[in-house]
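build the 3D model from these lines:
(4 chains)
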Protein chains: 2
Amino acid sequence: MATTRTDPLTFEVVQLIGSVVARYHEEYERAAAEHSLTGAQARLLGLLSVEPLPMRRIARKLKCEPSNVTGIVDRLEARGLVERRPDPDDRRVKLAAPTASGLATAKLLRGSLDFAREPLAELSDDERRTLRDLLRRMLGDDAEL
Amino acid sequence: MATTRTDPLTFEVVQLIGSVVARYHEEYERAAAEHSLTGAQARLLGLLSVEPLPMRRIARKLKCEPSNVTGIVDRLEARGLVERRPDPDDRRVKLAAPTASGLATAKLLRGSLDFAREPLAELSDDERRTLRDLLRRMLGDDAEL
DNA sequence: TATTGTTATACTCTATAACTATA
DNA sequence: TATAGTTATAGAGTATAACAATA
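Numbering: from 1, shown residues only, chains lettered A, B, ... in the order given. Below you'll find the model as predicted:
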């Protein structure tokens, strides 16, 4: 187990990461707004575009309370981007799934998210590989939910 | 001007950055909550701990509307962490400044923010330097406000 | 009994627009 | 008239607690 550092170099890297986080967030919200979605709605729709999920699992993925998911799905459903389906195996659960329109929006959204690639344009392939490896090591075994 | 890429390597780096962002955010909110602050309150208090600022400038720094700053400062002021001072040079402006208690809280908060250093513990000094340089290049000339 | 999703409630953050007091 | 800060309003996200249906 390595030890946490407090030297100036580490401090600067932490600050740089803070800047990346701020930038990423701004651009993500902007991209969502372009499709008249809030950040939370865009994240939820992005999740569902991979696979339909029970409300409970969405809450775990989004790291929020299940009661919040009800509202976000309600608003996406009102716009025809998501629908609730029964789960044949357990009548308690409802599966949230994107509609065709929802899938299309999710795809457009991913396109708008090109933004995230833009700051990388400055780096060569070798540098990207290096960055990828360093980020992988930083994140370690990031458990899926 | 370099071009935006769409190759798998770039895609993976973008995803990794997304993970870093998610992790950073979680931990930031957790650290703020430890001091019974919301994320927005913690960010505002952190800003003021560097130097007192007019409400308007806080809004620009936080990239939100000035009307929101009123509420956040209200809540911090109600808890005795921040105070409003008149600006001698312009009687229209109010300077928000941390109290002694606010400064102490900001310092504790920065301490709790050690979290951000933790994922870096896996990297050697050389690797940190490399990461720093890559992030700097990614961010380019990030204009101050 | 335990779990799933929902409702009810309360608080915070957010943007918009209208207001006030200065400049 | 222009600017700084505020208020009023409305919408969205958040957590907590209590509830119905199902397991």
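
chain neighbours aside, what residue packs nearest to A:L131?
B:L134 (4.9 Å; Cβ to Cβ, 6 or more residues apart in numbering or on different chains). Backbone N, C-alpha and C define where each C-beta goes, glycine included.

what of A:V13?
B:R132 (5.1 Å).

residues making contact with the host helix or strand of the residue nearest to A:L131?
Secondary structure from DSSP states H and E places B:L134 in helix B:125-139. Contact partners of helix B:125-139, identified using Cβ atoms under 8 Å, 6 or more residues apart in numbering or on different chains, comprise A:9-10, A:12-13, A:16-17, A:19-20, A:23, A:119-120, A:122-123, A:127, A:130-131, A:134, A:137, B:120, B:123.

pull the number of nearby residues for the spatially closest residue to A:E122 that is not a sequence neighbour.
The shortest distance from A:E122 to any non-neighbouring residue, by Cβ to Cβ, 6+ apart, is to B:R137 (5.0 Å). B:R137 sits with 14 neighbouring residues when counted by other Cβ atoms under 10 Å in any protein chain shown.

check A:S112 too.
Count around A:S112 with other Cβ under 10 Å applied: 17.

that older thread, tell me how many other residues surround the residue nearest to A:L131.
That count, for B:L134 with other Cβ under 10 Å as the rule, works out to 20.

gap between it and B:I17?
The spacing between B:L134 and B:I17, counted by Cβ to Cβ, to the nearest Å, is 11 Å.

again, but for A:M138
From A:M138 to B:I17 the distance is 11 Å (Cβ to Cβ).

same check on A:A78?
In terms of Cβ to Cβ, A:A78 sits 32 Å off from B:I17.

now A:G46, what are its backbone angles?
phi -60, psi -40 (degrees, to the nearest 10).

so which residues on chain A come close to DNA strand D?
Within chain A, the positions adjacent to DNA strand D are A:38-41, A:62-65, A:67-68, A:71-72, A:75, A:90-92 by Cβ under 7 Å from any atom of the strand.

which strands or helices does the helix or strand hosting A:L16 pack on?
Here A:L16 is covered by helix A:8-34, with elements defined by DSSP H and E. The contact analysis (3 or more Cβ pairs under 8 Å, 6 or more residues apart in numbering or on different chains; DSSP states H and E) places helix A:8-34 against helix A:39-48, helix A:100-112, helix B:8-34, helix B:125-139.

most tightly packed of those helices?
Across the helices and strands packed on helix A:8-34, the average number of neighbours (mean count of other Cβ atoms under 10 Å in any protein chain shown) peaks for helix A:39-48, which reaches a mean of 20.

can you give me how far that one is from the chain middle?
Distance, stretch centre to chain centre, for helix A:39-48: 7 Å (Cα atoms, centre = their mean, to the nearest Å).

now that helix and helix A:100-112, what's the angle there?
110 degrees (axes from the mean of the first three to the mean of the last three Cα atoms, to 10 degrees).

which residues sit against helix A:39-48?
A:25, A:28-29, A:31-32, A:35, A:37, A:53, A:58, A:61-62, A:69, A:72-73, A:75-76, A:81-82, A:96-98, A:102, A:105-106, A:109-110.

and the helix or strand just after that helix, is it in reach of DNA strand C?
Per DSSP H and E, the first helix or strand lying C-terminal to helix A:39-48 is strand A:53-54. Yes - Strand A:53-54 reaches DNA strand C (Cβ under 7 Å from any atom of the strand) through A:P54.

name the residues that touch strand A:53-54?
A:47, A:61, A:87, A:93-96.

that strand: what's the following helix or strand?
Where DSSP H and E defines the elements, the next helix or strand beyond strand A:53-54 is helix A:55-62.

which elements pack onto that next one?
helix A:39-48, helix A:66-78, strand A:94-98.

output the contacting helices and strands for the second one.
Okay, so that is helix A:66-78. helix A:39-48, helix A:55-62, strand A:82-86.
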